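[1] would you be able to build a 3D model of this:
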Amino acid sequence: MKFYLTFLVCFLITIATSQNSLQNTPNPNALETNTDFKSLSFPSIDGLKISARLYQAQSDAQPILLCHQARFNKQEYADIAPRLREMGYTSLAIDQRSGGDFASEANQTYNRAQAKGLSTDYVDAQQDIEAALDYLYQKTKQPVILWGSSYSSALVFFVAKKYPEKVKAVISFSPDNYFGDQRENLNTVFNELKQAFWVTSSKEESKRLSQLIDKNQLDNNQTQFIPKQEGHHGSRALWVNQIHNEEYWESLKAFLDHIK
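    Model prediction:
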């Protein structure tokens with residue numbers, strides 16, 4: 001019962017803080033930069049095929065793994081990943097099995113999981129993130145920056161704690177305790193995590209996030225960005241047509257420059 005109450009509360013918070021954000025979707029056509037990508041796939045830990053898009057920068061570029069929010073897919077990053085590449089980062093955007101159709105794109109990993117009768121709860125997607133992390137780590141021979149949005153913004157912290165040698169840093173949009181008793185409290189993870197991280201949210205969510213991360217415990221490489229404006233839930237805060245997106249980009253760029 002505790003898990004379902006936690007899930008319901010977090011779901012209602014997501015809906016409430018997302019109402020203004022739902023007015024648009026990613027728009028890569030609005031960018032004045034290269035938006036090409038390579039479609040690829042690789043197996044998850046249980047063998048399910050994961051679909052992904054690789055936005056390749058120069059061969060030695062710092063890799064970033066992009067994980068989407070609930071009911072979404074890799075299209076969430078259609079106008080974010082090209083900007084990251086322009087900044088000199090190689091990004092891999094994946095379809096997790098917990099997701100769905102979004103912005104006229106199907107979540108291919110979710111569809112395969114459904115066809116096989118596999119569970120597609122939030123926590124089931126952790127193995128997809130772990131497999132994608134290993135794929136990108138092996139491909140680039142570098143520790144990876146993990147990036148999550150909404151439910152995946154919490155999962156990436158559990159993955160970072162589990163694989164410290166493979167994770168350079170964490171970028172997290174609207175993390176919370178979305179999983180009830182299925183995972184430990186994020187406050188514990190925040191206090192134990194050694195990697196650099198940058199967390200953010202809408203302004204409405206920021207007070208709870210501040211309590212969760214215990215800002216007094218943060219070191220110089222760990223940052224919470226609180227938007228001056230109302231802000232948005234999840235990585236959609238960065239979409240090219242999203243109102244006040246540049247204040248998020250400015251803080252994120254400063255963090256990425258700091259950890260280079």
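[2] sec struct for residue 117, please.
    Three-state assignment for residue 117 (DSSP: H, G, I helix; E, B strand; the rest coil): coil.
[3] next, count neighbours for the closest residue to residue 209 other than its chain neighbours.
    Closest residue to residue 209 apart from its sequence neighbours, by C-beta to C-beta, 6 or more residues apart in numbering: residue 201 at 5.1 Å. The C-beta positions use only the backbone N, C-alpha and C, and glycine is treated the same way. By the measure other C-beta atoms under 10 Å, the count of residues near residue 201 is 30.
[4] pretty sure residue 198 sits in a strand.
    Yes. Counting by three-state DSSP, residue 198 is located in a strand.
[5] for it, which non-adjacent residue is spatially closest?
    Using C-beta to C-beta, 6+ apart and skipping the chain neighbours, the partner closest in space to residue 198 is residue 255 (4.2 Å).
[6] for the residue nearest to residue 209, give me its contacts.
    Taking C-beta atoms under 8 Å, 6 or more residues apart in numbering, we find residue 201 in contact with 17, 173-175, 209, 226, 231, 233.
[7] hey, C-alpha coordinates of stretch 53-69 in CSV?
    The C-alpha trace of stretch 53-69 is given here as CSV (Å, rounded to 0.1, in the frame of the first residue of the first chain):
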residue,chain,number,x,y,z
ARG,A,53,20.0,7.2,-31.3
LEU,A,54,23.7,8.2,-31.3
TYR,A,55,24.5,11.9,-31.8
GLN,A,56,28.2,11.5,-32.5
ALA,A,57,30.6,14.4,-31.9
GLN,A,58,34.4,14.1,-32.4
SER,A,59,35.8,10.7,-31.7
ASP,A,60,37.2,11.6,-28.2
ALA,A,61,34.2,13.6,-27.1
GLN,A,62,32.8,13.2,-23.5
PRO,A,63,29.8,10.7,-23.7
ILE,A,64,26.4,11.4,-22.2
LEU,A,65,23.6,8.9,-21.8
LEU,A,66,20.1,10.4,-22.2
CYS,A,67,17.2,8.7,-20.4
HIS,A,68,13.6,9.8,-20.9
GLN,A,69,10.6,10.3,-18.5
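[8] quick check, nearest of the contacts of residue 201 to residue 31?
    residue 173 (19.6 Å; C-beta to C-beta).
[9] so where do the helices sit in the stretch 101-250 of the chain?
    108-115, 126-140, 151-162, 186-192, 203-213, 245-259 (DSSP state H, counting those that start in this stretch).
[10] okay, the angle between the last one and strand 196-200?
    This means helix 245-259. 170 degrees (axes from the mean of the first three to the mean of the last three C-alpha atoms, to 10 degrees).
[11] what sits up against helix 245-259?
    83, 87, 89, 145, 168-169, 171, 196, 198, 200, 221, 223, 225, 227-229, 231, 237-239.
[12] are any of those buried, and if so which?
    83, 87, 89, 145, 168-169, 171, 196, 198, 200, 223, 225, 227, 231, 237-239 (16 or more other C-beta atoms under 10 Å).
[13] in strands, which of those residues appear?
    89, 145, 168-169, 171, 196, 198, 200, 223, 225 (DSSP state E).
[14] residue 63 against residue 89, yeah?
    Yes. Counting by C-beta atoms under 8 Å, residue 63 does reach residue 89; the two are 7.4 Å apart.
[15] about what we covered before: for the residue nearest to residue 209, give me the pLDDT.
    Residue 201 is assigned 98 on the pLDDT scale.
[16] from residue 94, how far out is it?
    Going from residue 201 to residue 94 by C-beta to C-beta, to the nearest Å gives 22 Å.
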